[in-house]
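K.L.:
Structure of the sequence below:
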Amino acid sequence: GDGKQATNDEDVVKVNYEGKTRNGNIFDSSYERGEAIEFPLNRVIKGWTEGMKLVKVGGQITLWIPAELAYGERGAGADIGPNEALEFKVELLDVTEAQAE
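P.N.:
Take a look at the predicted model:
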């Protein structure tokens, strides 16, 4: 992309994404819901916090996130097992910079 880029952990990103386990099972998809999602980077797994700072608005990225930057030993729900690496296809639609306090 060629737009704004998230630079700090409090920035809010608006994205479309698809998350898969290593065996290819889709466990979450904003595409399937038909609605983009917004969230501050400090409210998601560490792999997203780091990875979304590498892409600019209008761009797409595939994030291969090792377990230690995802859900670690605890996993997440029935779909993401302990120590599972994840793949996310992400399209960055917008960045709202955090307000200085």
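
K.L.:
Who are the contact partners of the nearest residue to Tyr71 once chain neighbours are set aside?
P.N.:
Nearest in space to Tyr71, with sequence neighbours left out and distances taken as CB to CB, 6 or more residues apart in numbering, is Ile80 at 5.6 Å. Glycine gets a C-beta too; all of them are placed from N, C-alpha and C. By CB atoms under 8 Å, 6 or more residues apart in numbering, the residues touching Ile80 are 21, 27, 70-71, 86.

K.L.:
Is there a quick ChimeraX command that grabs whichever of the residues you listed are buried?
P.N.:
Entered in ChimeraX, the line below selects the buried ones among the contacts of Ile80, by 16 or more other CB atoms under 10 Å:
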select :70,71,86
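
K.L.:
Just the contacts of Ile80: which are in strands?
P.N.:
Judged by DSSP state E, strands contain the following of those: 21, 27, 86.

K.L.:
From what I see, the second one and Ala70 are in contact.
P.N.:
Read that as Phe27. No - at 11.2 Å, Phe27 does not count as touching Ala70 under the criterion of CB atoms under 8 Å.
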